[in-house]
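A.B. asks: the sequence and its predicted three-dimensional model are supplied below.
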Amino acid sequence: MRIAVLIKQVPDTWGERKLDLATGRLDRDASDRIIDEIGERALEVALQARDAKTADEVVVVTMGPAPAAEAVKKGLSMGADSGIHISDDALAGSDTWTTAEALAGALREGGFDLVIAGNESTDGRGGVVPAMVAELLGLPLLAELDEVTIGAGEVSGSRGVDDAILTVSAPLPALVSITERTPEPRFPNLRGIMGAKKKPVAGQDSSAVGVEGGAAGPGAHSVVTATAERPPRSAGTIVEDDGTAAAQLAEFLAKNRLI
Amino acid sequence: MAGIDELFQLPAEIEDFRASARAFAERDVAPLVEEAERTGTFPLELFAKAGSAGLLGLQFEERWGGSDAGLLPDMIFREEVSRVCAGIAAGLGIQGQIGTAYLARFGSDEQKERWLRPAIAGEVITAWGLTEPDAGSDVRSIRTTVEADGSGVILRGRKTFITNGPIAGAIGVVAKQANGKFAVYMVEAGDEGYAVDRTLEKLGCRSSQVGELVFDNVRLDESRRLSPPDGSEIDEILDVLIRGRVLIAAASLGVASAAFDLGLAYAKERTAFGRPIGKFQEISMKFAEADARIAAARMLTYRAAVLCDTRDEVPVRECAHAKLVASETALWVVDQMMRVFGGAGFMQGSVIERLFRDVRYFQIVEGTTEIQHRILAKALGL
Ligand SMILES: Cc1cc2nc3c(=O)[nH]c(=O)nc-3n(C[C@H](O)[C@H](O)[C@H](O)COP(=O)(O)OP(=O)(O)OC[C@H]3O[C@@H](n4cnc5c(N)ncnc54)[C@H](O)[C@@H]3O)c2cc1C
């Protein structure tokens, strides 16, 4: 069984994240770049299947500018067998649909039995790419799984909704997206780090994945019309307890419709 | 020729490995520290966790589950975990160095299968029993003995200050033979006549489990003997441990940087006389001086590790330099940072207060500061 895992390089959530106000895009240089943790969890699901010998091969797939190669390398250090890195200046600023088209283009001929993705990235937070890729590839989608079981010809799992847990399954090939409830990802160990250098990474440009143009190109389906910096936080109100603090707090909560 | 920065830069893979070691320390170790230190208990699940993350056998051969990568990554692992907790780092650190180094060097394949593989996997906790109530620095005068008995030996004696002793499944015990030479035997937790006399309460590194062990006529067969048939000179046994000094140096660096980072944050945030205390010259100089001293200690430590990995002979002097300078630097830095914290640092439960207690460990173990002086003086022909 061949599993593809979609990973994305994002700014570290522990650092300060900034939007480039001129373009409305993420300022990728403003903070450290890491693999989105949800992508690492998706990879962990795949690696556990390989550890259990259900899967034979795990391939990490990403689209992103040149530095995203570090994310692919980290995926390989964690244990993926090979990587695909889609990178092209023409794809800079791609919207979610163009991104999905590029990923689907890279996956289409890969002979994958299963594609695993995180439910949403911590930067754009669109949460739509997995569904779009599934649609483009004509695969059944099991979205937002908290727990995944990969079998010989089938994938299943559970999804928590408001007051129930749904158990869902689909025949392979399929695409699943996972949530933060799946197991914590492993750290790359030293052997993995040393071995990553020797693992193959296929570079693909926009024509290889059959996509024309990014933000400005005919592929764009959405445009950012305006951006604004988040207003600075205003100073809070300090309630001195002169015996009426409880009443003041209750009034504050009620006024702000918090109770 | 390589530029000066390239010469002194760690390889990219080692820096990547540091990210993993730090992630382990911050994600898996940090949440357990407060309780472990307060109650003086070791979170035992960390052995298996570190084992499955490939962190316990960094120096050992791949066929036993190790990484065959030398002391350098082990040093990074020790430094990073010590930043978070010196006690837990000590317990885990035994596993990849003093608890197993002699076994890895002199054990047979069968013996490595029995103890080294599970130690690397974190399934069996190991310890190294050398020190005795009446023999610490002066290791030659140990009184634990082995006496031939049929096809095996009988082990008698008492060991003290043994890290992991109370929780260990397998302990390498150094004993004197009738011929005056020394031998190392593996004792297992269930062996008849072996007992943990007591777990010791300590000033610092309280999460590490350090104990006094008794061997009351413990009968051991040949499969437990690691040393050559005739026995070894004590120096041959100690040689295997010299590299471990670099790990104590690395642990010292971890504690020094933890104290430095805490102190710096406090100096920027705490105000007195209308300004952050870090703006007072006398406080800022502490950081300037500490920054330079930590950098110097780190350079010596990393260099010693690289020399251990690249030279056939053990770099005795460089290991002593690293251990001496890093452990004393850590003591100095933590002391300065205590002053930065004022009264807050004197209160129980503050992290700097724990570091102040923990840092005293480094000038004692694996050769005290005075013993490092002796080694260096001897090397200088004095
Ligand atoms: C927390 C902790 C964990 C430990 N873990 C282990 C372990 O896992 N396994 C193990 O075998 N041991 C362990 N030890 C023991 C440790 O190695 C010894 O404590 C150390 O070697 C010093 O021996 P000692 O305590 O008997 O001090 P002593 O040797 O009695 O020394 C007392 C003082 O005399 C000085 N001194 C001694 N000889 C000389 C000399 N020739 N010249 C100048 N000064 C000298 C020393 O530097 C020291 O200041 C541990 C100790 C501690 C505190």
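C.D. replies: Here it is on my side, so go on. Numbering: from 1, shown residues only, chains lettered A, B, ... in the order given.

A.B. asks: report the contact partners of residue B:130.
C.D. replies: By C-beta atoms under 8 Å, 6 or more residues apart in numbering or on different chains, the residues touching residue B:130 are B:139, B:142, B:159, B:174. All C-beta atoms are positioned from the backbone trio N, CA, C, and that covers glycine.

A.B. asks: check which helices and strands the helix or strand encompassing the third one sits against.
C.D. replies: Of the helices and strands defined by DSSP states H and E, residue B:159 is found in strand B:152-163. Helices and strands touching strand B:152-163, as assessed by 3 or more C-beta pairs under 8 Å, 6 or more residues apart in numbering or on different chains; DSSP states H and E, comprise helix B:86-96, strand B:126-129, strand B:145-149, strand B:170-176, strand B:182-188, strand B:210-220.

A.B. asks: next, format those as a markdown table and append mean pLDDT, distance to the ligand and mean neighbour count.
C.D. replies: As requested, the helices and strands packed on strand B:152-163 are exported to a markdown table (pLDDT from 0 to 100; distance: least, C-beta to the nearest ligand atom, whole Å; neighbours: other C-beta atoms under 10 Å in any protein chain shown):
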| stretch | mean pLDDT | distance to the ligand | mean neighbour count |
| --- | --- | --- | --- |
| helix B:86-96 | 97 | 6 | 27 |
| strand B:126-129 | 98 | 5 | 28 |
| strand B:145-149 | 96 | 16 | 16 |
| strand B:170-176 | 98 | 8 | 24 |
| strand B:182-188 | 98 | 12 | 22 |
| strand B:210-220 | 98 | 5 | 20 |
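
A.B. asks: which one of these lies nearest to residue B:283?
C.D. replies: helix B:86-96 (25.2 Å; C-beta to C-beta).

A.B. asks: just the angle between that closest one and strand B:152-163, please?
C.D. replies: 150 degrees (axes from the mean of the first three to the mean of the last three C-alpha atoms, to 10 degrees).

A.B. asks: tell me which residue in the stretch 51-200 of chain B sits closest to chain A.
C.D. replies: For the stretch 51-200 of chain B and chain A, the shortest gap (C-beta to the nearest C-beta) falls at residue B:54, measuring 3.0 Å.

A.B. asks: relative to residue B:11, how far out is that residue?
C.D. replies: Separation of residue B:54 from residue B:11 (C-beta to C-beta, to the nearest Å): 17 Å.

A.B. asks: of those two, who's got more company?
C.D. replies: More crowded of residue B:54 and residue B:11, by other C-beta atoms under 10 Å in any protein chain shown: residue B:54, with 26 against 11.

A.B. asks: make sure that one is actually in contact with residue A:193.
C.D. replies: No. Between residue B:54 and residue A:193 there is no contact under C-beta atoms under 8 Å: 9.7 Å.

A.B. asks: show me the contacts for the residue in the stretch 51-200 of chain A that the ligand sits nearest to.
C.D. replies: As assessed by C-beta to the nearest ligand atom, the ligand sits closest to residue A:190 within the stretch 51-200 of chain A, at 25.0 Å. By C-beta under 8 Å, 6+ apart, the residues touching residue A:190 are B:13, B:17, B:20, B:54, B:58, B:67, B:69, B:73.

A.B. asks: low-confidence ranges, chain A, go.
C.D. replies: A:13-19, A:24-26, A:28-30, A:213-220 (pLDDT under 70).
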